[in-house]
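J.: here is the input, now give the coordinates:
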Amino acid sequence: MNQPLSSPDFDQMPAFCEGIQYFSETLPDIERLGDAPLLSSSQAAIADPGDEKAVYQTLLAADALRYLTLQVTAAKSSGHPGGFASGAEAYAAMVMLGHTNIVTEVGHHAPGFYSAMFLDTSLEEMGIKTVSDMRARFRETHGLLGHLSGAIPGLLAPAGPLGQGEHFAMAGALLYPGKLFPVTIGDGGLGEPYIMSAFQHFNTAYPQSTNFLPILIWNGYSQEHHSMVSTWDNQRMLDYWRAHGFRQVHLINAKDFDDANQAGEYVDSTKFSWKQRMAFTAHLLKTASVAAQNALNGEMTAIIVKQLKGAGVHASGAKSHNLYAHHTLESEDVKAGLQRRALPPRAWQIVRENFRHAGGGPAAKTVVTEFERPLPDLGKLPLAEFEPGKENKIPTAALGDIVAAVGKRDPQFIVTNADGNEASSMANINKALTIRHPTEDKLYFQGPSGQVYEPLSEDACAGLAVAVALFGGRSLWASYESFAINGLPIWQTVTQAMAELRHKTPSAITIFTAGALEQGRNGWTHQRPEIEAYFAAMMRNGNVYPLFPVDANMIQVAYDWALKQSNKGIVITASKSPLPVRTTLAQGRAAIEEGAVVLHESKGSCRVVFAVTGDMVLLPVFEAAQQLEAQGIATRIVAIVNPRRLYRPTDVAWNTCSEPDSKFMSRAQFDQLFHGDVLLGVTGGPGAMLEPLMLRSAVPTRDVFCWKRGETTASPNQLFDFNAMNANAMAARAVELLG
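T.: Take a look at the predicted model:
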């Protein structure tokens, strides 16, 4: 209920509370247990989790989080209060215990995380100082976006698609031993099986890195219905986690403390008597303390909080998940929910002081991703220069030697791969850095201290690699082009986050091998170059760079360039087959930096320009050029190596990136490279990668040769034939366009 401002407590209203609609006049025991905050500049965590004051002030924090979560979402009739509300006590417990490097797998928990960042003053760095400010900026441009972003001060990582947050927690554990990384997981998302398999594989590979703590919010509901694990009994849930390698699994069931006679397996602790609310919170706080120590002391540990979805907000179950237009600050259900959670000003002040001192200070000043992590100096990498025009060389093998050198110079560098480096002609990586595996076997280059991480899941490969990059470490995700699509959602999430970061971090680098043209015998299941269309679209983000080195020299300088970049997503696509060496290292460097390089040029009566992305696809292009030159037609073959450079500055959101790159090919340089009587864009993948070329070209007679679809074939040439991309087809089309 609204209280008169003449009350003594209201005369000392904290300034940050401006915008709170409802206050209570008092709470049970507030004079005794809320006389002063427990945390201070000299006390970053509660000393005794069994202390009655610690329990009381943790409970105040949980209700403050619930209140803010509901009020800010209702202010916009939009957002997701219910899921976070189910685990508010768990989040509050982690903060009070001083563990503030918290990530989440659930993007829908965003308003709760924002509320925590508001309470600890982190949001003041973006001008949010009062609850009114927070309400105004929620789900608005340059404000608090609907799902978590690492751009928000104090938040470690983004959260959008389910099944991603666990990778950030594990990467944090790997890079920052001795710090705990709690990660909240929703039971709605637990149906994504790779969450648990990722935990298990990581623990098998890195059994000493247990300093991450999954907190399952088991509330019985998903977004619009019961969760798929809502029918499980407690033992089955415990067994499930133990079967995936967790030695200590702590189940905290609100129903064990219920004195309100609530029906069903999932209950709302905010409906208990105050005594039982304290008992529930006391059990949770003590259990959380034990679990945190287990995790920090080398035991793989998880917490399960079983409490009804929407506990303490406007509704329960799936109905609490999302707010719609009819949910406003004036609607009866929201008003009632806020009034039930109303706190007196003194309680708000206690929570504010505790949160801003927990963990050593506001999260925006203390969590690991707020700082640029020092990295070992790589020095000058041992690039091998092969002589153009001599013997063929395997591009990926040349890259492997450089990757090996990086791993030798940076002991925390990791390579992730699902389908096998050896299958991509990069066995040299495994030989030098060793596949990380508990069984030592020199025949397979594996052992317990290796730097090559090989889960059979592209999600797990991409997840750990990009999370390590976001958290400040070097990594390389190596994948078959065919299967990389399974790991791309988290790669995209992280590259977007990197564009927003307020500090430098190593770029998320990938190498995609075994392209469609090399996979004839395997058939269409292994022929999916359409993935390149994904990156073609992402180039306009401003910090995504697909690179197409043409040979074994250029792939080395492409990787060398990538290692020196910050806050970018860099995709290197190359073949694992022996191919002609066409450029020097110097030409390769220029091509990466400028965007393209001329590989071949001849004289004649009129000119056909081939503009090409890829390496193997150059084989029919050179053959087509020979056919045309035999007819007296001049040709120029230009390799588009860094197509992002070919766009116009206005095509790309480069100026919105935290590490902006404003370099684009000039009009004069573009015309010099690509102007002719006929322009043929050629790519081994989808035509979308040629968009910047066709967008800028003024040549009226032009066409595109690109991938259509796969088929089982005995050779790359047969795939070229099947897709009408062979030399005869190109030469014939050029002649036709010349008239």
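
J.: now do the contacts for residue 46.
T.: 38-39, 54, 96-98 (CB atoms under 8 Å, 6 or more residues apart in numbering). Just so you know, the C-beta spots here come from the backbone N, C-alpha and C atoms, and that holds for glycine as well.

J.: please name the nearest non-neighbouring residue to it.
T.: residue 54 (4.3 Å; CB to CB, 6 or more residues apart in numbering).

J.: now for the strand or helix carrying the one you found, which elements pack on it?
T.: Using DSSP states H and E, the element containing residue 54 is helix 52-75. Secondary-structure packing of helix 52-75 (3 or more CB pairs under 8 Å, 6 or more residues apart in numbering; DSSP states H and E): helix 30-33, helix 82-86, helix 88-96, helix 110-119, helix 131-137, helix 274-296, helix 332-341, helix 345-357.

J.: looking at the ones you listed, which is nearest to residue 543?
T.: Among these, the nearest to residue 543 by CB to CB is helix 110-119 (22.6 Å).

J.: which residue ranges form the helices in the stretch 501-650 of the chain?
T.: Taking DSSP state H, counting those that start in this stretch, the helices of the stretch 501-650 of the chain run over residues 531-538, 552-563, 585-594, 618-630.

J.: tell me the most buried of those helices?
T.: Ranked by mean neighbour count, the helices of the stretch 501-650 of the chain are led by helix 552-563 with a mean of 25 (mean count of other CB atoms under 10 Å).

J.: then it to PDB, C-alphas only?
T.: Below are the C-alpha coordinates for helix 552-563, written out as PDB (Å, rounded to 0.1, in the frame of the first residue of the first chain):
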ATOM      1  CA  ALA A 552      48.700 -22.200 -48.300                       C
ATOM      2  CA  ASN A 553      50.500 -18.800 -48.100                       C
ATOM      3  CA  MET A 554      47.500 -16.700 -47.700                       C
ATOM      4  CA  ILE A 555      45.800 -18.800 -45.100                       C
ATOM      5  CA  GLN A 556      48.800 -18.200 -42.800                       C
ATOM      6  CA  VAL A 557      48.600 -14.500 -43.100                       C
ATOM      7  CA  ALA A 558      44.800 -14.600 -42.700                       C
ATOM      8  CA  TYR A 559      45.200 -16.300 -39.300                       C
ATOM      9  CA  ASP A 560      48.000 -14.000 -38.300                       C
ATOM     10  CA  TRP A 561      45.800 -11.000 -39.200                       C
ATOM     11  CA  ALA A 562      42.900 -12.500 -37.200                       C
ATOM     12  CA  LEU A 563      45.000 -13.000 -34.100                       C
END
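
J.: now the residue found closest to residue 436 once you drop the neighbours it is linked to in the chain: which helix or strand?
T.: Once flanking residues are discounted, residue 436 sits nearest to residue 450: 3.8 Å by CB to CB, 6+ apart. For residue 450, there is no host helix or strand (DSSP H and E).

J.: and the end-to-end length of stretch 251-265?
T.: Start and end residues of stretch 251-265 are separated by 14 Å (CA to CA, to the nearest Å).

J.: mean confidence for it?
T.: Averaging pLDDT along stretch 251-265 gives 97.

J.: ok, and what's touching that stretch?
T.: Outside stretch 251-265, the residues that touch it by CB under 8 Å, 6+ apart are 90, 220, 230, 234, 237-238, 266-269, 271-273, 275-276, 279-280, 283-284, 287, 303-308, 311.

J.: quick one on the thing from earlier: between the contacts of residue 46, which is closest to residue 606?
T.: Using CB to CB, the contacts of residue 46 come closest to residue 606 at residue 98, 74.0 Å.

J.: burial count for residue 261?
T.: 7 (other CB atoms under 10 Å).

J.: pretty sure it sits in a helix.
T.: No - under the criterion used here (DSSP: H, G, I helix; E, B strand; the rest coil), residue 261 is coil, not part of a helix.

J.: in the helix holding residue 54, what's buried?
T.: 53-75 (16 or more other CB atoms under 10 Å).

J.: of all the helices and strands packed on helix 52-75, which lies closest to residue 501?
T.: Nearest of those (CB to CB): helix 110-119, 15.9 Å.

J.: what helices and strands are in contact with that closest one?
T.: Partner elements for helix 110-119 (3+ CB pairs under 8 Å, 6+ apart): helix 52-75, helix 82-86, helix 88-96, helix 131-137, helix 345-357, helix 363-366.

J.: show me what the helix or strand residue 204 falls within is in contact with.
T.: Here residue 204, judged by DSSP H and E, is contained in helix 194-205. Contacts to helix 194-205, defined as CB under 8 Å, 6+ apart, come from residues 105, 162-163, 166-167, 170, 185, 189-190, 209-210, 214, 240-241, 244-246, 300, 436-438, 453, 455, 457, 459-460, 463-464.
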